[in-house]
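Asker: return atomic coordinates for the entry below.
(one chain, ligands or ions: 2)
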Amino acid sequence: MSFARQMLGATQRRAFSASARQASKVTVLGAAGGIGQPLSLLLKLNPRVSKLALYDIRLAPGVAADIGHINTKSEVKGYDATQSALHEALEGAEIVVIPAGVPRKPGMTRDDLFNTNASIVRDLAKATADAAPNAKVLIISNPVNSTVPITAEVFKSKGVYDPKKLFGVTTLDVVRASRFISELKGTDPSDEKITVVGGHSGATIVPLLSQSGYSLEGEKLDSYVHRVQFGGDEVVQAKGGAGSATLSMAMAGARFTESLLKASQGEKNVIEPTFVESHLYKDQGVTYFASNVELGPNGVEKIHPVGKLTAHEQGLLDACLKDLKGNIEKGVKFVKENP
Ligand SMILES: NC(=O)c1ccc[n+]([C@@H]2O[C@H](COP(=O)([O-])OP(=O)(O)OC[C@H]3O[C@@H](n4cnc5c(N)ncnc54)[C@H](O)[C@@H]3O)[C@@H](O)[C@H]2O)c1
Ligand SMILES: O=C(O)C[C@H](O)C(=O)O
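Answerer: Ligands and ions are numbered 1, 2, ... in the order given. Model prediction:
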């Protein structure tokens, strides 16, 4: 058995034969970055991916040459930083993952990245709307609470917006929430499924511990919630100016991509938390919201409500909605003023 196959679990090995029946091209925009490289590596190891297109404004052909030597079946191609190469990288993509953009340095909020990343995401969204209008688009670039609405507005302006196919990747919040509770409780983190709703920054990240049967109190609860909400800052501080989470994010992005591929390849009951256009708090002017979402062949199948909350969780949710509304409006306004 090949090394790559040995590294996969039994379920994934079975998917090798499924992959022979399905052709799924995945394009990564920002593929040479801190997230882009390990994410592309993990996608190369995924037998559900048949073609991997790697685009960046620097180094993508080199990353593709390197990853392309791995002995799994998928074809890997790297693209130069030209509009025609970008178009070619996107054409025929079932999934487009976008981690392009600058990361935080200590002392910055995700919103501080807006000025740089808004236009990067807008321009990549334009190219995606033109070359791959039917693709499922996964936004990793921060601030996710604003870059997702930016992408939606671009797709709307080109008449190709499908709310079922646009996702802000909030998987890392759920991964952290599971890991951090397991550290407190001595459980296996891979068995933990903590619901996290809202958005992807500070107070907009709302972990709902009570739904998993946990009832932390007082300072323990506050410090758990704070760690989930500000887990990103822990990494930014520890990297001391050299960037933010890349490896855990690559894992989270690969997990979300895998879930979308499973759903499009016919698997049922695939549920992931993700930031999507949502009816849940629309009456309060919050048009995008992360909650558990059932995925299907066309993307969003069903948006799950947040469920029963404790009074403490309701307080967190109220604070989240207030911030989120502003973040979303900022993204929408940006595209209106800078089409
Ligand atoms: N959603 C999340 O949970 C999450 C987690 C971690 C990081 N992030 C965000 O992801 C983004 C990327 O982080 P990183 O650590 O990989 O940064 P990085 O600087 O290491 O990599 C970013 C890459 O994007 C490329 N790029 C810039 N402009 C581009 C363009 N116009 N087209 C194509 N590629 C372009 C750069 O050349 C670089 O290779 C940041 O905005 C960061 O805040 C999000
Ligand atoms: O914290 C960051 O800036 C990166 C990312 O959003 C994270 O949650 O790690």
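Asker: name the nearest residue to the residue in the chain that ligand 1 sits nearest to, ignoring sequence neighbours.
Answerer: In the chain, the residue that lies nearest ligand 1 is Gly33 (2.0 Å; C-beta to the nearest ligand atom). Backbone N, C-alpha and C define where each C-beta goes, glycine included. Nearest non-adjacent residue to Gly33, counting by C-beta to C-beta, 6 or more residues apart in numbering: Pro99, 6.0 Å away.
Asker: how many neighbours does the residue of the chain closest to ligand 1 have?
Answerer: Using other C-beta atoms under 10 Å, Gly33 has 26 neighbouring residues.
Asker: surely it is within a helix?
Answerer: No. Assessed with DSSP: H, G, I helix; E, B strand; the rest coil, Gly33 is coil; it does not lie in a helix.
Asker: for it, what are its contacts?
Answerer: Counting by C-beta atoms under 8 Å, 6 or more residues apart in numbering, Gly33 touches Asp56, Pro99, Ala100, Thr246.
Asker: against Asp222, how distant is it?
Answerer: Note on Gly33: its distance to Asp222, by C-beta to C-beta, to the nearest Å, is 34 Å.
Asker: and Lys164, by the same measure?
Answerer: Lys164 sits 37 Å away from Asp222, taking C-beta to C-beta as the criterion.
Asker: near ligand 2, which residues of the stretch 1-150 of the chain?
Answerer: Within the stretch 1-150 of the chain, the positions near ligand 2 by C-beta under 6 Å from any ligand atom are Pro103, Arg104, Arg110, Asn142.
Asker: what is the three-state secondary structure of the first one?
Answerer: Right, Pro103. Secondary structure for Pro103, judged by three-state DSSP, is coil.
Asker: compute the number of surrounding residues for it.
Answerer: Using other C-beta under 10 Å, Pro103 has 24 other residues around it.
Asker: where does this structure have its least confident helix or strand?
Answerer: Across the helices and strands of the chain, mean confidence by mean pLDDT, DSSP states H and E is lowest for helix 3-7: a mean of 46.
Asker: hmm, back to that, and Lys164 and Asp222? Which one has more around it.
Answerer: Lys164 (16 against 12).
Asker: helix, strand, or coil at the more buried one?
Answerer: The three-state label given to Lys164 by three-state DSSP is helix.
Asker: CA atoms of stretch 304-321 as CSV?
Answerer: Output of stretch 304-321 as CSV, limited to C-alpha atoms (Å, rounded to 0.1, in the frame of the first residue of the first chain):
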residue,chain,number,x,y,z
HIS,A,304,-30.1,24.5,11.3
PRO,A,305,-31.4,26.9,13.9
VAL,A,306,-29.2,27.6,16.9
GLY,A,307,-31.4,25.6,19.2
LYS,A,308,-31.9,26.0,23.0
LEU,A,309,-29.6,28.6,24.7
THR,A,310,-28.8,29.3,28.3
ALA,A,311,-29.2,32.9,29.5
HIS,A,312,-25.5,33.3,29.3
GLU,A,313,-25.3,32.0,25.7
GLN,A,314,-28.2,34.4,24.8
GLY,A,315,-26.2,37.3,26.1
LEU,A,316,-23.2,36.2,24.0
LEU,A,317,-25.5,35.9,21.0
ASP,A,318,-26.9,39.4,21.4
ALA,A,319,-23.4,40.9,21.5
CYS,A,320,-22.5,38.8,18.4
LEU,A,321,-25.4,40.0,16.4
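Asker: surely Gly198 and Leu317 touch.
Answerer: Yes. Gly198 is within contact range of Leu317, at 7.1 Å (criterion: C-beta atoms under 8 Å).
Asker: just give me the neighbour total for Gly162.
Answerer: Careful, residue 162 is Asp; it's not Gly. 17.
Asker: measure it to ligand 2 for me?
Answerer: When C-beta to the nearest ligand atom, to the nearest Å is the yardstick, Asp162 and ligand 2 sit 25 Å from each other.
Asker: quick one: contacts of the helix or strand where Lys262 lies?
Answerer: Assigned by DSSP states H and E, Lys262 belongs to helix 247-264. With contacts defined as C-beta under 8 Å, 6+ apart, helix 247-264 is touched by 22, 24, 26, 35, 37-39, 41-43, 46, 48-49, 94-95, 97, 99, 136, 138, 140, 167, 169, 171-172, 174-176, 235, 270, 272, 274, 295-297, 299, 301.
Asker: just stretch 106-126 next, same as before
Answerer: With C-beta under 8 Å, 6+ apart as the test, stretch 106-126 has contacts from 29, 86, 98, 100-104, 137, 139, 141-147, 150-151, 154-155, 158, 200-202, 232, 236-237, 240-241, 327, 330-331, 334-335, 338.
Asker: among those, which ones are buried?
Answerer: Applying 16 or more other C-beta atoms under 10 Å to the contacts of stretch 106-126, the neighbour count classes 29, 86, 98, 100-104, 137, 139, 141-147, 150-151, 154-155, 200-202, 232, 236, 327, 330-331, 334-335 as buried.
Asker: now, which of those lie close to ligand 1?
Answerer: Within the buried ones among the contacts of stretch 106-126, those near ligand 1 by C-beta under 6 Å from any ligand atom are Leu29, Ala100, Gly101, Val102, Pro103, Arg104, Ser141, Asn142, Val144, His200.
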